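Enquirer: need coordinates for the below:
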Amino acid sequence: MAVRIRLTRLGKKKKPFYRIIVADCESKRDGKFLDVVGTYDPLQDPAVIKIDDSKLKDWMSKGALPTTTVKSLIKKAAAADA
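Expert: Here you go, the predicted structure:
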């Protein structure tokens, strides 16, 4: 079972809100997931990214791979915290 760290969409039409989740690579975008690692709100100015670092490191140590979008969000969140 390959595990990915990716986004799932929430919110109303034209008002997106995303959760950063850990899910099996074969599950649907808004389908079953294993854990919620953080959130991403692109409508705020600047965009708000909240990530639970301990959960993220735990899942990545178990072999979960982030998608390219989540990888860039992790970098932005780390830069904002520094």
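Enquirer: per-residue pLDDT, the residue minimising distance to the centre of the chain?
Expert: Centroid-nearest residue in the chain, with Cα atoms, centre = their mean: residue 20, separated by 2.0 Å. pLDDT for residue 20: 96.
Enquirer: can I assume it is in contact with residue 69?
Expert: No. Contact between residue 20 and residue 69 fails when scored by Cβ atoms under 8 Å: they sit 9.5 Å apart. C-beta coordinates here come from the backbone N, C-alpha and C atoms, glycine included.
Enquirer: against which helices or strands is the longest helix out of those in the chain packed?
Expert: For the chain, the longest helix by residue count, based on DSSP state H, is helix 68-81. Counting contacts by 3 or more Cβ pairs under 8 Å, 6 or more residues apart in numbering; DSSP states H and E, helix 68-81 packs against strand 3-12, strand 48-51.
Enquirer: what angle separates the next helix or strand after the longest one from helix 68-81?
Expert: Same thing as strand 3-12. Toward the C-terminus, strand 3-12 is succeeded by strand 15-24 as the next helix or strand (DSSP states H and E). Angle, strand 15-24 to helix 68-81, by axes from the mean of the first three to the mean of the last three Cα atoms, to 10 degrees: 110 degrees.
Enquirer: mind listing the strands strand 15-24 pairs with, and their directions?
Expert: strand 3-12 (antiparallel), strand 35-41 (antiparallel) (DSSP bridges).
Enquirer: remind me which residues of this structure are low pLDDT?
Expert: Applying pLDDT under 70 to the chain flags residues 1.
Enquirer: about what we covered before: dump the strands paired with strand 15-24 to TSV, plus distance to residue 81 and mean neighbour count.
Expert: Below are those laid out as TSV (distance: least, Cβ to Cβ, whole Å; neighbours: other Cβ atoms under 10 Å):
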stretch	distance to residue 81	mean neighbour count
strand 3-12	18	16
strand 35-41	12	19
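Enquirer: need the nearest residue in space to residue 10, chain neighbours excluded.
Expert: Distances taken as Cβ to Cβ, 6 or more residues apart in numbering place residue 17 nearest to residue 10, at 4.7 Å, with adjacent residues excluded.
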